[in-house]
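Trainee: sharing a sequence plus its predicted fold:
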Amino acid sequence: MELNGGCDMNDRLGEDIGIFEADCTFAVTKLIIQIPCFNEEATLPTALADLPGTLPGVDTIERLVVNDGSTDGTLEIARTHGVEHIVELPRNQGLAKAFMAGLHASLRAGADIVVNTDADNQYDARDIEKLVTPIVEGRADIVVGARPIGDIGHFSPLKKALQKMGSWVVRTTSGTRVDDAPSGFRAFSREAALSLNVFNNFTYTLETIIQAGQKNMSVLSVPIRVNADLRPSRLVKSIRSYVWRSLLIIMRMFMIYRPLRFFLILGTIPFSLGFLLGVRWLAYFWLFPEPGRTRLPSLILAAILLLSGFQLWIFGFIADLVSVNRLLLEKIQYRIRRADLDPPKDL
């Protein structure tokens, strides 16, 4: 993809994958809007009908449907509506797998920008332009649509509070300023899409933001509108389950991308408790001795806590060394993907 003013995309990549060093506006050849689907025959026609046909700065807009093992008429509806690209998964593999399958298929189809939206039509398709514009202007690698959480009627007060708290946790962990981390309405530049990986099978929303932040990508958040609720969420079957699984994802990503900090914090807790218990034991032993009372249980517990904390710190240093190999493997994976999708031109 050539950038206006002779700025080539390869020249803008920094030492880390996905870092853009220049602010270059480029002409987008192709935008692909992908829709992961699992038994969406009732809502998919509405979602497809609302998608834009033209956008400023975009030459071609194509649609891609990921049929995630649907057993209803989802596949037939996609074909009937003339969807340009259809990815069929043999069985239901979950939202994260469907998202990544669509992302890779969009890249193979030559997408310069990939927009992901939901088949239940909860996001207003008119705001796709808001997602695409910052990438077209070279101001962002990833753009996430921020829903007006407080104004969504079918969200309970508990769910609204958890959404805001979860977004705060993701912002803190990733170092980004995303207002609505669970939002699936987002756009990716080709370079960002080439660099992303998803390790869990539950959802891609939190993981991709944390990963992008750790890779120093530019992630923007823009306000979007939402449509009326057409069906209950299939991802959030239980608030308790969703919160628990989301916390596990955040913790796992923190361990992967900031292992030294994670284990230092984790190890500091038992080490501090052990240190305080040790000081307490010394105070009783030297300053307030009691004949015949050694307080050995406190001393043993202090030693166990101190050793546990120290061991966790050692784990952190080892994990930090291992993470160097992960960085190298990610760079190799990126170059393989790029060579596979964008083979070099003959000189």
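Mentor: Structure received. Small disclaimer: the values here were computed from a predicted structure and weren't measured. Numbers count the residues shown, from 1 in each chain.
Trainee: now do the helices in the stretch 151-300 of the chain.
Mentor: Counting by DSSP state H, counting those that start in this stretch, the stretch 151-300 of the chain has helices at residues 157-174, 190-195, 205-214, 239-257, 259-282, 296-341.
Trainee: need the nearest residue in space to Ile61, chain neighbours excluded.
Mentor: Leu31 (5.0 Å; CB to CB, 6 or more residues apart in numbering). Heads up, the C-betas are built off the backbone N, CA and C, glycines and all.
Trainee: average pLDDT across the helix or strand harbouring Gly102?
Mentor: Taking DSSP states H and E as the criterion, Gly102 maps to helix 95-108. For helix 95-108, the mean pLDDT works out to 94.
Trainee: can you classify the residue nearest to Ile61 as helix, strand or coil?
Mentor: What DSSP: H, G, I helix; E, B strand; the rest coil gives for Leu31 is strand.
Trainee: what pLDDT does it get?
Mentor: The predicted local confidence for Leu31 is 97.
Trainee: and it, what is it in contact with?
Mentor: Taking CB atoms under 8 Å, 6 or more residues apart in numbering, we find Leu31 in contact with Leu55, Val58, Thr60, Ile61, Glu62, Ala111, Asp112, Ile113, Val114, Val115, Val132.
Trainee: do that again at 7 Å, thanks
Mentor: Leu55, Val58, Thr60, Ile61, Ala111, Asp112, Ile113, Val115, Val132 (CB atoms under 7 Å, 6 or more residues apart in numbering).
Trainee: which of those are buried?
Mentor: Among these, the ones that count as buried by 16 or more other CB atoms under 10 Å are Leu55, Val58, Ile61, Ala111, Asp112, Ile113, Val115, Val132.
Trainee: separation between the second one and Val324?
Mentor: Summarising the geometry, the distance separating Val58 from Val324, computed by CB to CB, to the nearest Å, is 39 Å.
Trainee: cool, and Asp342?
Mentor: In terms of CB to CB, Asp342 sits 27 Å off from Val324.
Trainee: what about the residue lying closest to Leu194 once chain neighbours are set aside, how many neighbours?
Mentor: Closest residue in space to Leu194, ignoring its immediate chain neighbours: Arg337 at 5.1 Å, by CB to CB, 6+ apart. As a burial measure, Arg337 scores 15 neighbours (other CB atoms under 10 Å).
Trainee: with Val178 instead?
Mentor: Val178: 27 neighbours (other CB under 10 Å).
Trainee: per-residue confidence at the closest residue to Glu40 other than its chain neighbours?
Mentor: Ranked by CB to CB, 6+ apart and with sequence neighbours excluded, the top spatial neighbour of Glu40 is Ala119, at 3.9 Å. Ala119 is assigned a predicted lDDT (pLDDT) of 91.
Trainee: secondary structure class for Ala119?
Mentor: Ala119 is classified as coil under three-state DSSP.
Trainee: for it, what are its contacts?
Mentor: Ile35, Pro36, Cys37, Glu40, Thr43, Leu44, Ala47.
Trainee: show me those that map onto strands.
Mentor: Ile35, Pro36, Cys37 (DSSP state E).
Trainee: state the mean pLDDT of stretch 252-263.
Mentor: Rounded mean pLDDT across stretch 252-263 is 84.
Trainee: what's the distance between the nearest residue to Ala187 once chain neighbours are set aside and Trp168?
Mentor: Leaving out its chain neighbours, the residue that sits closest to Ala187 by CB to CB, 6+ apart is Leu131, at 3.8 Å. Going from Leu131 to Trp168 by CB to CB gives 22 Å.
Trainee: okay, these two: which has more neighbours?
Mentor: Leu131 (28 against 13).
Trainee: surely that one is in contact with Ile142?
Mentor: No - using CB atoms under 7 Å, Leu131 is not in contact with Ile142; the gap is 9.4 Å.
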